[in-house]
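Participant: The sequence isn't on hand, but the structure is:
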């Protein structure tokens, strides 16, 4: 592969991109283990897709905010390196598909020219920090959470504490008690609150911990009812340090934070977080919000003249897609983006529109849509006309007719059945037969192609999960129907019940049965959740049971939605932050790199960063020797590595230390992060590595 010349001015970013290029080259030369390389590229937003030989690239968009310039840059990159299609995710990221691995460093370099990163968009790291798309404009919000989400993103990007955790880590910031950022399903969720202390009103957050979806959804625990904003960053760092040290690493299915908190108990986990305080670089971290309090500026005040040809359609659009902001005279416009997919030609026109006539800002939403912010009332007819030309003026933003779905079998390795295909059909049915629901925001439909719940199916009022179903010796695509989930607000929510599995081609009929039954039998203004609770799970199983039979399947039932060939169940190897078991030599090589990182951090006077790099090197070095011992020694958590290294090597005098290995490692939370300790700890990490490396070389020679 040919090298490219980086044009990035930021030396940290440039080094990162050149490192990716170097590791790609080493991988192709057979000098880097395939599994280890996968871990590295995932942490750089490069994700294998279902089709061989190409990658999906995930672009990290903190809290979904982009400017016109950034949207143009993303569009240019998509056209140059991909196929001109952009995909909005349920985490406010942008994904592009069919990218050559060799070109990913160059692609990343182009994005960074407009301050856009791929770093830690995938992998075992802090993923994109999400937030309510209405943050900063919501009339009900106590304050704008945007600067706090931004500070969190910045502080933990490339932070050594969270580079190689056992699993991914997700955080969200909700602007109001409506909890539109879905805190209860996150590793850490923050809901804006204020508290009166004397005459002063203090900003803070309700904090919830260890939520998650997947095959075993878990409702987050309340960590704090109120946490002052200056304690936000230290609290997150404490949680990450404990997760990094005690989290499972060998069994991927048990490696998320929710399993660790369940095992330790909330109090046990919080006690460990408390013990980390001394080691933190900041006991308090005030966040400057002034950058986000600037006056809203418009390029022009001249309103283009337009004629509304269909007043009824315009009025419907205004009622469903236009949201009054807390700023007088300003409105936000919701754009319903089917499946989150749109193309670069439309993206560029949209970018030009917000630049000239808006305030140069839009946000991608958690429901895979777009929200244009800061539109003046007089400009609404013009925006409607222009958006209509782009096909972006369909009524029903964030309504029942606005279905969320993951990519499913289109590109994902783990997809079992088509989520996009059934979504298209369900939306067609809703538009044609249930137009009265165009502004119903009380019922949500979400679809995932597998149990991992990227489409959030198991927290929806009506959810569908892609599956397969047998009929004799044949296999047909199927849908698990789930009912009764939803967001309750203020950090509370409920997960859906698995009701019944039906062949995929009967998905539309099942939806019609559910909606018709609700329409015909609900009490007055009864909500769907109240109706579900009143009737009970068994009732819904009974009214759908006849659809589950596989005795009468036709040839059409064996062809999935959106396909023309017979269904074949094909599941690849998932890469969603996959846990890898490393070769001993690779681990030792990485330990050397971590020591170098520790020394560089000392030169930059980043004492806390240096200490954590040194800590990671020590644990990584110990893991290398334990890995060589074989599967009989547990290395599934850092805590297990620390305990077992003492048992296997120190207590048997195979490795001689001044004290125990545990004492050496846990110096990290016994000292404040000073220059003196950072230098001493880095030297100890280096000395320990040299001792282990010498032992390992001797062992290899003997064998």
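Facilitator: Yep, that arrived. Since the structure is predicted, the reported quantities are computational estimates derived from the model, not experimental observations.

Participant: can you pull the buried residues of the helix ranked longest in the chain?
Facilitator: Longest helix in the chain, counting residues (DSSP state H): helix 675-702. Neighbour counts over helix 675-702 (16 or more other Cβ atoms under 10 Å) mark 677-679, 681-682, 684-686, 688-689, 692-693, 696 as buried. For glycine as for every other residue, the C-beta is placed from the backbone atoms N, C-alpha and C.

Participant: List just the nearest of the residues you listed to residue 21.
Facilitator: Closest approach between the buried residues of helix 675-702 and residue 21, by Cβ to Cβ: residue 689, at 26.6 Å.

Participant: how far away is the closest one from residue 27?
Facilitator: Taking Cβ to Cβ, to the nearest Å as the measure, residue 689 falls 24 Å from residue 27.

Participant: Break down the stretch 51-200 of the chain into its strands, ranges please.
Facilitator: In the stretch 51-200 of the chain, the strands defined using DSSP state E, counting those that start in this stretch lie at 55-59, 65-66, 85-88, 94-99, 130-131, 171-174, 188-197, 200-209.

Participant: now the third one: how far from the chain's centre is it?
Facilitator: Here strand 85-88 shows a centroid-to-chain-centroid distance of 16 Å under the convention Cα atoms, centre = their mean, to the nearest Å.

Participant: cool, the second one as well?
Facilitator: Relative to the mean C-alpha coordinate of its chain, strand 65-66 is positioned 16 Å out (Cα atoms, centre = their mean).

Participant: Tell me which other helices or strands that strand touches.
Facilitator: Judged by 3 or more Cβ pairs under 8 Å, 6 or more residues apart in numbering; DSSP states H and E, the packing partners of strand 65-66 are strand 362-364.

Participant: For the strand it packs on, which outside residues touch it?
Facilitator: Here strand 362-364 makes contact (Cβ atoms under 8 Å, 6 or more residues apart in numbering) with 61, 63-66, 71, 88, 92-94, 133, 350, 354, 370-373.

Participant: I'd like to know which of these are part of helices.
Facilitator: Per DSSP H, the subset of the contacts of strand 362-364 in helices is 71, 350, 354.

Participant: Among those residues, which one lies nearest to residue 644?
Facilitator: Closest to residue 644, out of all of those and judged by Cβ to Cβ, is residue 71, at 50.5 Å.

Participant: Just give the nearest non-adjacent residue to the closest one, would you?
Facilitator: The shortest distance from residue 71 to any non-neighbouring residue, by Cβ to Cβ, 6 or more residues apart in numbering, is to residue 351 (4.0 Å).

Participant: what helix or strand does residue 616 sit in?
Facilitator: For residue 616, the host element (DSSP states H and E) is helix 607-628.

Participant: What's the first helix or strand after that helix?
Facilitator: Following helix 607-628 in sequence, per DSSP H and E, is helix 638-645.

Participant: Buried by neighbour count: which residues of the helix or strand following that next one qualify?
Facilitator: For helix 638-645, the succeeding helix or strand toward the C-terminus, using DSSP H and E, is helix 661-665. For helix 661-665, burial by neighbour count (16+ other Cβ under 10 Å) applies to 661, 664, 665.

Participant: now the residues you listed in CSV, with distance to residue 203?
Facilitator: Conversion of these to CSV gives the following (distance: Cβ to Cβ, whole Å):
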residue, distance to residue 203
661, 43
664, 41
665, 37
